[in-house]
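Asker: how would this look folded up:
(2 chains)
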Amino acid sequence: MTRQSINPGRVDWSGENPGIYLKHSAEDENYCVLSLFFRVVLSPYGKGHAAIVLAAPDADKGWPDETNFIITDNQRMMRWIVDGWVTRMPTFIGRTGLQHMSWLNLDSVEREPGDLKSDYREILRGSGVTLEMHWMDMGEPLPVEVTVENSATKAHEMYSVFLEAKSASISVNGSRLAGTVQSRQFFGRSMSTAFLAFSETWVTPEHLQE
Amino acid sequence: MPLAEPITPGVVDWTGENPGILLKNDDGSFAAMALFFRVAWSPVGQGQVLLLYASPDEAEASAEAPNLMLSDNHDLSGYLLENFIGRLAAFRDAPAFTGLTHLVAQSVHTSGDPMSHRYSETVSGEGYSVELVWERLETPRALELMPDQVGSGIHTMYTVLVPAQSAQIIVNGRSLPGKLGTRVQAGFETTTAFLYFSETWIIPPVDESRE
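Answerer: All right, here's what the predicted structure looks like:
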């Protein structure tokens, strides 16, 4: 296969999309916490920020009964991304909490990038919630280009730069969520379930456009 | 389109945003040149850098038409100047390249929407406010370019290009003279005003770069 310099597909959205998935123990089949952060710089619905936190992924309740919420400054854009992307990701498929999470308004987001090696934080505030996502002990940046067959959604092509974080934590209103980072297979490599993802672009190929 | 092997071989040099505006005189020479960098990852950290040649043909420019770098990360300015801008012939070969004034950016403000009509970056500091304005924006396109298709000549590069049909460089409220030209990138004719998002520069392994 040779490169096609100008991708004929439709650029859907572009930005940053890091995540942290935690388990109580390595033997557990399912994650006990699923979280994703979004800094979207280009989409048909404008720009925006968001974080999804499912600390009770199989519960049919949202915040504050359970720590299941999405917090965003662009609800329309995130409704589109949740429906088109997040619900198709294997980690999120079938998780009841995704359908029942509360939609919260985001007032501010603050990035503390540190040295990009030992320490990186995104801090979001709004609707009475302060969420801190903290990635630590990062590896070298790994450029990826993903075909539809290899992509998480099975419907898009994707470009990104991943940095695995060997440890990570999530705190909501000062309380750290239970669980620890594990390792998983990622394109034939063993990598952490916590990762930064910069310069991420999702493209719908011509043959899959409606 | 992405290749079947999902991990691109090579070392990431830097990644982020890299829009620009190149204004030309009637004779085709550059009247003013500007690049903006919003770097999400580099070996010297994150940061934002504006490169402005308001007087491309002057090694010693006036305060009214300065040649400067405005940055919130001094190390990043130096890294980009040496490893990236210095490889772009249009910038490296201009007399302005050797006479840049380095200033601290005190604020950077983005406005507009890259999938709408207008987008701008305003960088201010040490007595200067430089606004880059892109208008009449086109549909975004994802590009995958090889070393022989990029200005640096040494990188594999992914990016999202949003061409603009109209643009201005405004320095302390004064719009710099010059007009947009055309250029060809990977066989695609576009303008000299461009937004580039999610741009990743990768130094390929030696054997691949020789292919």
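Asker: Please see if the lowest-mean-pLDDT helix or strand in chain A touches chain B.
Answerer: Counting by mean pLDDT, DSSP states H and E, chain A has its least confident helix or strand at strand A:183-186, which shows a mean of 88. No. Using CB under 8 Å from any CB of the partner chain, strand A:183-186 never reaches chain B; the gap is at least 9.0 Å. Glycine gets a C-beta too; all of them are placed from N, C-alpha and C.
Asker: which residues sit in contact with the residue nearest to B:Leu132 when sequence neighbours are not counted?
Answerer: Once flanking residues are discounted, B:Leu132 sits nearest to B:Glu121: 4.9 Å by CB to CB, 6 or more residues apart in numbering or on different chains. B:Glu121 makes contacts with B:Pro19, B:Phe36, B:Leu50, B:Val108, B:His109, B:Thr110, B:Glu131, B:Leu132, as judged by CB atoms under 8 Å, 6 or more residues apart in numbering or on different chains.
Asker: My guess is the fifth one contacts B:Thr122. True?
Answerer: Yes. Counting by CB atoms under 8 Å, B:Thr122 is a contact partner of B:His109 at 4.6 Å.
Asker: The two - which one has more neighbours?
Answerer: Legend: neighbour count by other CB atoms under 10 Å in any protein chain shown for B:His109 and B:Thr122, higher for B:Thr122 (17 against 11).
Asker: The more buried one pairs with what?
Answerer: B:His109, B:Glu131 (DSSP bridges).
Asker: Look up how far A:Tyr45 lies from it.
Answerer: 24 Å (CB to CB, to the nearest Å).
Asker: and B:Tyr196, how far is that from A:Gly126?
Answerer: B:Tyr196 is 31 Å from A:Gly126, where distance means CB to CB.
Asker: Would you enumerate the residues in contact with the residue nearest the centre of chain B?
Answerer: Centroid-nearest residue in chain B: B:Leu35, 3.2 Å away (criterion: CA atoms, centre = their mean). Applying CB under 8 Å, 6+ apart to B:Leu35 gives the contacts B:Asn18, B:Pro19, B:Gly20, B:Leu50, B:Leu51, B:Ile85, B:Phe91.
Asker: if you set the cut-off to 7 Å instead, what comes out?
Answerer: B:Leu35 is in contact with B:Asn18, B:Gly20, B:Leu51, counting by CB atoms under 7 Å, 6 or more residues apart in numbering or on different chains.
Asker: among those, which are in strands?
Answerer: B:Gly20, B:Leu51 (DSSP state E).
Asker: Kindly reformat the contacts of B:Leu35 as TSV containing neighbour count and distance to B:Leu103.
Answerer: Output for the contacts of B:Leu35, formatted as TSV (neighbours: other CB atoms under 10 Å in any protein chain shown; distance: CB to CB, whole Å):
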residue	neighbour count	distance to B:Leu103
B:Asn18	23	20
B:Gly20	20	19
B:Leu51	23	11
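Asker: Relative to chain A, which of the contacts of B:Leu35 is nearest.
Answerer: Each of the contacts of B:Leu35 was scored against chain A by CB to the nearest CB, and B:Asn18 proved nearest at 10.5 Å.
Asker: Now that closest one. Nearest residue, chain neighbours left out?
Answerer: Nearest one to B:Asn18, counting by CB to CB, 6+ apart, is B:Tyr196 at 4.5 Å.
Asker: so the one you found is in which element?
Answerer: Applying DSSP states H and E as the criterion places B:Tyr196 in strand B:193-203.
Asker: buried set for that strand?
Answerer: Applying a neighbour-count criterion of 16 or more other CB atoms under 10 Å in any protein chain shown, one finds B:Ala193, B:Phe194, B:Leu195, B:Tyr196, B:Phe197, B:Ser198, B:Glu199, B:Thr200, B:Trp201, B:Ile202, B:Ile203 buried in strand B:193-203.
Asker: quick one: the fourth one and B:Thr159 touch, right?
Answerer: The reference is to B:Tyr196. Yes. Assessed by CB atoms under 7 Å, B:Tyr196 is found in contact with B:Thr159 at 4.8 Å.
Asker: End to end on stretch B:175-187, go ahead and measure it.
Answerer: Length of stretch B:175-187, first residue to last, CA to CA, to the nearest Å: 31 Å.
Asker: If we go by neighbour counts, what in that stretch is buried?
Answerer: Neighbour-count burial for stretch B:175-187 [16+ other CB under 10 Å]: B:Leu176, B:Gly178, B:Leu180, B:Gln185, B:Ala186.
Asker: Quick one: check that stretch for contact with chain A.
Answerer: Yes. Using CB under 7 Å from any CB of the partner chain as the criterion, contacts between stretch B:175-187 and chain A involve B:Ala186.
Asker: quick one: average confidence on that stretch?
Answerer: Here stretch B:175-187 scores 94 as its mean pLDDT.
Asker: Same question for stretch A:88-99.
Answerer: For stretch A:88-99, the per-residue pLDDT averages 96.
Asker: Mind listing residues that contact it?
Answerer: Residues contacting stretch A:88-99 (CB under 7 Å, 6+ apart): A:21, A:31, A:34, A:54, A:56-60, A:68, A:86-87, A:152-155.
Asker: How far does it sit from its chain's centre?
Answerer: 12 Å (CA atoms, centre = their mean, to the nearest Å).
Asker: Using PDB, list the CA coordinates for it.
Answerer: Provided in PDB are the C-alpha atoms of stretch A:88-99 (Å, rounded to 0.1, in the frame of the first residue of the first chain):
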ATOM      1  CA  ARG A  88     -18.200   2.600  19.300                       C
ATOM      2  CA  MET A  89     -15.000   2.200  21.300                       C
ATOM      3  CA  PRO A  90     -14.600  -1.400  22.700                       C
ATOM      4  CA  THR A  91     -13.800  -0.100  26.200                       C
ATOM      5  CA  PHE A  92     -17.200   1.700  26.300                       C
ATOM      6  CA  ILE A  93     -19.400  -0.600  24.300                       C
ATOM      7  CA  GLY A  94     -22.200  -2.000  26.500                       C
ATOM      8  CA  ARG A  95     -21.300   0.100  29.600                       C
ATOM      9  CA  THR A  96     -24.600   1.200  31.000                       C
ATOM     10  CA  GLY A  97     -23.100   4.300  32.700                       C
ATOM     11  CA  LEU A  98     -22.400   5.900  29.300                       C
ATOM     12  CA  GLN A  99     -26.100   6.100  28.600                       C
END
